[in-house]
Structure formats: C-alpha cells, structure tokens
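S.K.: Got a sequence here, can you build the structure:
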Amino acid sequence: MNENNENNNVVKPLSEMTKEERTNYSIKRAPDYHGKEENVLNSSRTKCWEARDKYFKCLDDNNDDDSKCKNFYIELNNSCLKSWSEYFIKKRISDKNKDAFLNRKD
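M.R.: The predicted structure follows:
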C-alpha cells in the first residue's frame, strides 16, 4: 500500500521521498498551483523575484525607510515563501553591511 497515494491524501515524510516525489510535492504546494505542473515553479519564482525587486527599489528610493514601503513588503510576503522573503531581506542587510565595511575610510 502506497502511503503517498493521492486518493487518501496521506503524505509520507520528506526524508522518505525520492527526489522526484519531493519535486512533485513542492510543485503542488506552490501558491499558484492549479493542476498544471508546467511552469508553476518558474512563474512562482518570477513573481517572487519581481516583488523582491520592487520592495528593494522602494527601500533604495526612500533611504531604507520601510514605513514607506509597506505595500511592497506585503506583496513580497504574499508572493514568496516565508523562508525566501526572510533570506532576501537578510541578504540585503548583509550585503549593505559588507559594502559599508569595504568602503569605509580608515
């Protein structure tokens, strides 16, 4: 009996899934999945990256004043997995800190 049978909707642990099963599982969990697997991940990534770029442009244009970019922040969180949006924000902060360190005047 297959525990990952779509009829009974029981999902086996990710650690027990093959690479192909994990990919199919991820596709079906994508925010814009509607039963068509072609380009689902691609379109999800594109929407996420576009939302990230808009949010970061707003921050750049407003001297990192996030109170002026709330709508873009909400769009980022609605378009991306939480782990992705957290990663993008942390990476941006890290990159800005690195640039400030490398460009400091001693």
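
S.K.: make it CA atoms for all contacts and neighbour counts henceforth
M.R.: Will do.

S.K.: Helices of the protein, start to end?
M.R.: 19-29, 40-61, 70-79, 82-102 (DSSP state H).

S.K.: Kindly calculate the angle that the second one makes with helix 70-79.
M.R.: Put plainly, it is helix 40-61. 160 degrees (axes from the mean of the first three to the mean of the last three CA atoms, to 10 degrees).

S.K.: helices or strands up against helix 40-61?
M.R.: The contact analysis (3 or more CA pairs under 8 Å, 6 or more residues apart in numbering; DSSP states H and E) places helix 40-61 against helix 70-79.

S.K.: What helices and strands are in contact with the helix it packs on?
M.R.: Counting by 3+ CA pairs under 8 Å, 6+ apart, helix 70-79 packs on helix 40-61.

S.K.: can you put the helices of the chain in CSV and add mean pLDDT and distance to residue 13?
M.R.: Below are the helices of the chain laid out as CSV (pLDDT from 0 to 100; distance: least, CA to CA, whole Å):
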stretch, mean pLDDT, distance to residue 13
helix 19-29, 74, 10
helix 40-61, 88, 21
helix 70-79, 94, 26
helix 82-102, 93, 20
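
S.K.: Same list, these, but as a markdown table with distance to residue 12 please.
M.R.: Output for the helices of the chain, formatted as a markdown table (distance: least, CA to CA, whole Å):
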| stretch | distance to residue 12 |
| --- | --- |
| helix 19-29 | 10 |
| helix 40-61 | 22 |
| helix 70-79 | 27 |
| helix 82-102 | 22 |
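
S.K.: Kindly reformat those as a markdown table containing mean neighbour count.
M.R.: Formatted as a markdown table, the helices of the chain follow (neighbours: other CA atoms under 10 Å):
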| stretch | mean neighbour count |
| --- | --- |
| helix 19-29 | 14 |
| helix 40-61 | 17 |
| helix 70-79 | 18 |
| helix 82-102 | 13 |
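
S.K.: For residue 11, find the nearest of those.
M.R.: helix 19-29 (8.8 Å; CA to CA).

S.K.: what inclination does the closest one have with respect to helix 40-61?
M.R.: Using the same axes, to 10 degrees: helix 19-29 against helix 40-61 is 60 degrees.

S.K.: distance between helix 19-29 and the chain's centre?
M.R.: Here helix 19-29 is found 16 Å from its chain centre; the criterion is CA atoms, centre = their mean, to the nearest Å.
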